[in-house]
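Novice: Sequence plus predicted model, see below.
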Amino acid sequence: MQDEAALAINKNERPTARRQRAWNPRLLILLIPPIIWLSIFLFAPYAVLFINSFWKVDFGSIVHEFTWGNYTKFFTNSLYYGTFLKTLKIAAWVTVFSILLSYPLAYFINFKIKKNKQLFYTLVIIPLWVSYLVRAYAWKIVLGQDGILNNVLLAVGLIDHPMEIFLYSQYAVVLALTHIYTPWVLMSIYTSLEHIPRDVLEASKDLGAGRFRTFFRVVLPLSLPGLIAGATFAFVLTMGDFLAPQLLGGTSSMMVSNVVYSLFGVANNWPLGSTIGILTLFVVLGILQLTHRLEHRTTSFEAGTRGR
Amino acid sequence: MDKRFKFDWLHAGLSTSAVLVFAFIYLPMIVVVFYSFSENAVNSFPIREWSTKWYGVMMRDTALLDSLKNSLIVAVAGTLIGLLLGIPAAFAVDRFHFPGKALFERIVLLPMILPGIITGVSMMSVFVLAGVKLSLITILLGHGTFLIAVVMTQVYARLKRFNRSIEEASMDLGATRMKTFFRITLPNIRTAIIGASLLSFTLSLDEIAVSYFLTGRDLTLPVQIWAMLRRGITPEVNAISTMIFVFSVVMIVIVTRLTSEKSEA
């Protein structure tokens, strides 16, 4: 830890000394293969997607004629921009719920559990590894018409006939996505809490701060980088999700990726699909840039306490 | 006394919410496991008769087994691509300073963070444009691209913690750069590499958004399960899901063992 911090300072202080050795042949050997790979399989695809977004479509086949039409269609047709806004809303809800669920658990494991911390941590990350599909599909059993929730509610007498709205609604989608992405947020928050030196908490207590004050003035600010990183993950992944809405949502809970999915599939309008894909890409990149900055602003605060 | 009481109240609240969140995360998965042993072809509640027949159905489903085979091929090859390109990338970022390094780091990570559907449709567009037929190979290329990021982050995290003075010591004692790499550096990051491989393997096995768009005639396991779900073949899916769940748990236990083994240093 100590030398890591020292190294970081070194890096910042003597950039010129190091820069002379840039483009050393060993570096090129390491760097060129990944760069070639990414150029072919990352840049080229995005470039093609971008170019495709300006083509016309005629009876399902692409006509190579420049047009802004796809973009105007997106911004004037409420089916497209409306779905996009709805997706942002769903993503925001999922992010908020994920944070609310993750933080107490992350805090609990990190500060309250003394024995078997490793076991609890493993329990937290197991869901990350368990098939996305399994977790999305599980909700179908729970929420379905003959599902667990309906039958329990019937048995208790809260409802007198099975409700269909549990499944095939926006709620089901938000619920399932929250379930799917909570472990990401949880892991991220947990990691940042773990990095908080215990002496800082002691110091805060010794200086007379109460439990709440210590939390809001010390723990929470120091965990912000992890919280932001996790929130970004949840938000961005939700924005791109098309499987859970299709599996659990009705037609009213179609998200932007479902529109892209159908434009590249049955609707067969690749240029318009590319347009929406590109717009999603830009929004996601914008969010990543924004949160990257936020993270850095908060990390600089953390850096001072790192060299324990 | 007063203070003591307050502490308990907070603690109880925290414990309760922790238990509830754990339940929220795990119950749906456990439900699937239970239903995989239900005799009924519909997922009705409560389960009336127990049976293992869906496991038998699963084992005889050739389309499913083929898709599993395809998935294993893609996962192994994809992991190799990830390792071959991700490890050098991790070393480049850890050991060198070069113009655009911060940008390079962020670009490598993009396929891991960007929604799979965007990566999927853009790769499909470029393959169609280039006249490449969609097949297991195109799925593999898609997986390789995000597995580079997975391997790079895992190995880079270990390299950052690795104390380089022992490398210097090795070279001071006369070992060549090569020898130092194979005798000192590699053994020290070995567990990170194994962990990254298992993680890549599992992620590839589970990947669906990118695969969906790059699939030709041969389906991977998740794409096959997706097709089954859409056709409403659910009891069999319960059995497969349970197998996947068990497999994932085994993998994660191995990986946490591996990564915690030396990470305390």
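Specialist: Done, it's in.
Novice: from here on, contacts and neighbour counts on C-alpha atoms
Specialist: Noted.
Novice: Show the contacting residues for residue A:250.
Specialist: When the contact criterion is Cα atoms under 8 Å, 6 or more residues apart in numbering or on different chains, the partners of residue A:250 are A:167, A:168, A:169, A:170.
Novice: Just want the residue of the stretch 51-200 of chain A that's nearest chain B.
Specialist: The shortest separation between the stretch 51-200 of chain A and chain B is 4.7 Å, found at residue A:105 (distances taken as Cα to the nearest Cα).
Novice: Which neighbouring residues are in contact with that residue, exactly?
Specialist: Taking Cα under 8 Å, 6+ apart, we find residue A:105 in contact with A:186, B:14, B:17, B:18, B:21.
Novice: Could you export the residues you listed to TSV, including columns for pLDDT and neighbour count?
Specialist: Output for the contacts of residue A:105, formatted as TSV (pLDDT from 0 to 100; neighbours: other Cα atoms under 10 Å in any protein chain shown):
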residue	pLDDT	neighbour count
A:186	91	27
B:14	85	18
B:17	89	18
B:18	88	21
B:21	90	19
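Novice: Most widely separated two among these?
Specialist: By the measure Cα to Cα, the contacts of residue A:105 have their two most distant members at A:186 and B:14, which lie 14.9 Å apart.
Novice: Double-check that residue B:217 belongs to a strand.
Specialist: No: secondary structure of residue B:217, determined by DSSP: H, G, I helix; E, B strand; the rest coil: coil, with no strand assignment.
Novice: confidence score at it?
Specialist: Residue-level confidence at residue B:217 comes out at 89, pLDDT.
Novice: Could you pull up phi and psi at it?
Specialist: With angles defined as degrees, to the nearest 10, residue B:217 sits at phi -80, psi -40.
Novice: That one: how many residues sit nearby?
Specialist: Other residues within reach of residue B:217, judged by other Cα atoms under 10 Å in any protein chain shown, total 9.
Novice: nearest spatial neighbour of it, skipping sequence neighbours?
Specialist: The shortest distance from residue B:217 to any non-neighbouring residue, by Cα to Cα, 6 or more residues apart in numbering or on different chains, is to residue B:135 (6.4 Å).
Novice: how much space is there between the one you found and residue B:214?
Specialist: The gap separating residue B:135 from residue B:214 is 7 Å, by Cα to Cα, to the nearest Å.
Novice: cool, residue A:127 as well?
Specialist: Applying Cα to Cα, the value for residue A:127 to residue B:214 is 26 Å.
Novice: contacting residues for residue A:117?
Specialist: Neighbours of residue A:117 in contact, by Cα under 8 Å, 6+ apart: A:109, A:110.
Novice: Then residue A:208?
Specialist: With contact taken as Cα under 8 Å, 6+ apart, residue A:208 is in contact with no other residue.
Novice: helix, strand or coil for it?
Specialist: Here residue A:208 is recorded as coil under three-state DSSP.
Novice: What separation do you get for it and residue A:235?
Specialist: The span separating residue A:208 from residue A:235 equals 38 Å under the rule Cα to Cα.
Novice: Just want the most central residue of chain B.
Specialist: Nearest to the centroid of the C-alpha atoms of chain B, with distances taken as Cα atoms, centre = their mean, sits residue B:203, at 2.5 Å.
Novice: Run through who's touching the helix or strand hosting residue B:110.
Specialist: With secondary structure defined by DSSP states H and E, residue B:110 is part of helix B:101-113. Taking contacts as Cα under 8 Å, 6+ apart, the residues outside helix B:101-113 that touch it are A:38, A:42, A:233, A:236-237, B:93, B:119, B:145-150.
Novice: Next: stretch A:26-35.
Specialist: Judged by Cα under 8 Å, 6+ apart, the contacts made with stretch A:26-35 from elsewhere in the structure are B:85, B:86, B:88, B:89, B:91, B:92, B:96.
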